[in-house]
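Visitor: this is a predicted model, with the sequence first.
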Amino acid sequence: MSATVPAEAAPSWRDRALGLRDRLVSDPRFRRLAARFPPTRALARRRAGALFDLCAGFVYSQVLLACVRLRLFDLLRDGPLTAAEIAARARLPPESAARLLGAAVSLGLLDRRGGGRYGLGPLGAALPGNDGLAAMIEHHAILYADLADPVALLRDGGETGLSRYWAYAREAAPAGLAEERVADYSALMAASQAMIAEEVLDAFPGLARHCALMDVGGGEGAFLMAAAARAPALRLVLFDLPGVAARGRAALARAGLAARAEAVGGDFRAGALPHGSDLVSLVRVLHDHDDAQALALLRAAHDALPPGGRLLLAEPMAGTPGAEAMGEAYFGFYLLAMGSGRPRGEGELRAFLARAGFGRVTAPRTRVPLLVRVLVAERAG
Ligand SMILES: C[S@@+](CC[C@H](N)C(=O)[O-])C[C@H]1O[C@@H](n2cnc3c(N)ncnc32)[C@H](O)[C@@H]1O
């Protein structure tokens, strides 16, 4: 059998220009010249800075983690403190406190204030009281341990901290997972859901015209609770693995929603989804799954809806303008370490939705697309 070798495409003007750029920039003499020559100096410095930040990114993350673990942002919520006061409250030696404070100021997490005091910086000001974000930052310790040898991870995959943490990712029969195996990730998702739910629901038009919302992979029901507050007549259905659904049932009851809510335990990889809801949501769920499973899940959602029913698909997406690294780099490697799924772009998700049978698809804008984006798909007749 003879293999056909594809004819090599002729290089475009863009390919040639990029090739020339690569040859120039990889030449040390050119780089020295560019750094000296005023018109190219600013660009050369910006590039050097961007490359340095890539090398140093892990260090910056650990400075943030130290601030979170020492609860510096909560400590400074009520006003600035001196380095000595911070050192005493964080139980750090004065020199270590000074080092951490200097680092946090340089990263915009803290600011220097008058009288030798330190206050919240432009980035740190978003953290006090934000338990979901603090939990996410702490959670990254598992990811970074998994990424210690990225080449081994790319070559072999294998057992990782994240694949144990997200117990469903590699489990052949996830419906059998005991509650203690799903408790940690469910609590993390519930803590970080508040900021996502507001973004999604602000962007989603016409929630109140639906009769029943089924949140598939709905965790502990945080998204349903946010929806319930905006649409008092909406019936709520939570579908998740049995161990998670039990936690969701209890949380919905604690929120006073038992009378309008039902929590159904099951495995969406194993069969059909419950019928009877005219709105189905998948919030931060689809990207966890490989293509065949993702497509099967969209088909199951389509089949569960009545004609005219809608699917609300919400997750961070690959190729988000201005946040490209969040998709391909961050989620690409996060999901690699987790052991299943991949980030998908809007175009690819639209193609999946069409293959699953959905008709009209719209993409209402969220305020912070880096966090989450939304697609709304309608089941035709
Ligand atoms: C990343 S979490 C998202 C939770 C929630 N939607 C949120 O945004 O906070 C994914 C959810 O999907 C659920 N899940 C994963 N595989 C499942 C399966 N095969 N059947 C049912 N639920 C599943 C998990 O238990 C988990 O609650």
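Guide: Here it is on my side, so go on.

Visitor: distance check, the closest residue to residue 90 other than its chain neighbours against the ligand.
Guide: In space, and not counting its chain neighbours, residue 90 is closest to residue 70: 4.3 Å by Cβ to Cβ, 6 or more residues apart in numbering. C-beta: built from backbone N, CA, C; applies to glycine. The gap separating residue 70 from the ligand is 27 Å, by Cβ to the nearest ligand atom, to the nearest Å.

Visitor: who are the contact partners of residue 70?
Guide: 90, 92, 100 (Cβ atoms under 8 Å, 6 or more residues apart in numbering).

Visitor: buried residues in the lowest-mean-pLDDT helix or strand in the chain?
Guide: When the helices and strands of the chain are scored by mean pLDDT, DSSP states H and E, helix 28-36 comes last with a mean of 83. Across helix 28-36, burial judged by 16 or more other Cβ atoms under 10 Å covers 31, 34.

Visitor: can I get that helix in PDB? Just the C-alpha atoms.
Guide: Written as PDB, here are the backbone C-alpha positions of helix 28-36 (Å, rounded to 0.1, in the frame of the first residue of the first chain):
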ATOM      1  CA  PRO A  28      22.200  37.700  19.400                       C
ATOM      2  CA  ARG A  29      23.700  40.500  17.400                       C
ATOM      3  CA  PHE A  30      20.300  41.600  16.100                       C
ATOM      4  CA  ARG A  31      18.900  41.500  19.700                       C
ATOM      5  CA  ARG A  32      21.800  43.700  20.900                       C
ATOM      6  CA  LEU A  33      21.200  46.100  18.100                       C
ATOM      7  CA  ALA A  34      17.400  46.200  18.600                       C
ATOM      8  CA  ALA A  35      17.900  46.900  22.300                       C
ATOM      9  CA  ARG A  36      20.200  49.900  21.500                       C
END
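
Visitor: name the helices or strands packed onto that helix?
Guide: Of the remaining helices and strands, those touching helix 28-36 by 3 or more Cβ pairs under 8 Å, 6 or more residues apart in numbering; DSSP states H and E are helix 38-69.

Visitor: show me what the helix it packs on is packed against.
Guide: helix 28-36, helix 94-106, helix 131-146.

Visitor: continuing past that helix, what's the next helix or strand?
Guide: Under the assignment DSSP states H and E, the closest C-terminal helix or strand after helix 38-69 is helix 72-75.

Visitor: buried residues in that following helix?
Guide: For helix 72-75, burial by neighbour count (16+ other Cβ under 10 Å) applies to 72-73, 75.

Visitor: that one: what's the following helix or strand?
Guide: Going down the chain from helix 72-75, the next helix or strand is strand 81-82, by DSSP H and E.

Visitor: what lies in contact with that next one?
Guide: For strand 81-82, contacts defined as Cβ under 8 Å, 6+ apart pick out 75, 89, 115-118.

Visitor: which of those residues has the most neighbours?
Guide: By neighbour count, taken as other Cβ atoms under 10 Å, the most surrounded of the contacts of strand 81-82 turns out to be residue 118 (24 neighbours).

Visitor: next, it: secondary structure please.
Guide: Using DSSP: H, G, I helix; E, B strand; the rest coil, the structure places residue 118 in strand.

Visitor: quick one: contacts for it?
Guide: 76, 80-83, 86, 101, 104-105, 110-112.

Visitor: most neighbours, which of those residues?
Guide: Among the contacts of residue 118, residue 110 has the most neighbours (other Cβ under 10 Å), with 27 neighbours.

Visitor: for the stretch 201-350 of the chain, which segments count as helices?
Guide: Along the stretch 201-350 of the chain, counting by DSSP state H, counting those that start in this stretch, helices occupy 222-230, 242-254, 291-304, 324, 332-338, 346-355.

Visitor: hmm, the longest one touching the ligand?
Guide: So that's helix 291-304. No. Legend: contact between helix 291-304 and the ligand by Cβ under 6 Å from any ligand atom is lacking; minimum distance shown is 8.1 Å.

Visitor: ok now that helix, how far from the chain's centre?
Guide: Its chain's average C-alpha position is 21 Å from that of helix 291-304, according to Cα atoms, centre = their mean, to the nearest Å.

Visitor: give me the buried positions along that helix.
Guide: Taking 16+ other Cβ under 10 Å as the criterion, helix 291-304 shows 294-295, 297-302, 304 as buried.

Visitor: pull the contacting residues for the residue most central in space within the chain.
Guide: Residue closest to the mean C-alpha point of the chain, counted by Cα atoms, centre = their mean, is residue 316 at 5.7 Å. By Cβ under 8 Å, 6+ apart, the residues touching residue 316 are 284, 287, 326-327, 331, 343, 370-373.

Visitor: ok, and the most crowded of the residues you listed?
Guide: Greatest neighbour count in the contacts of residue 316, by other Cβ under 10 Å, goes to residue 373: 25 neighbours.
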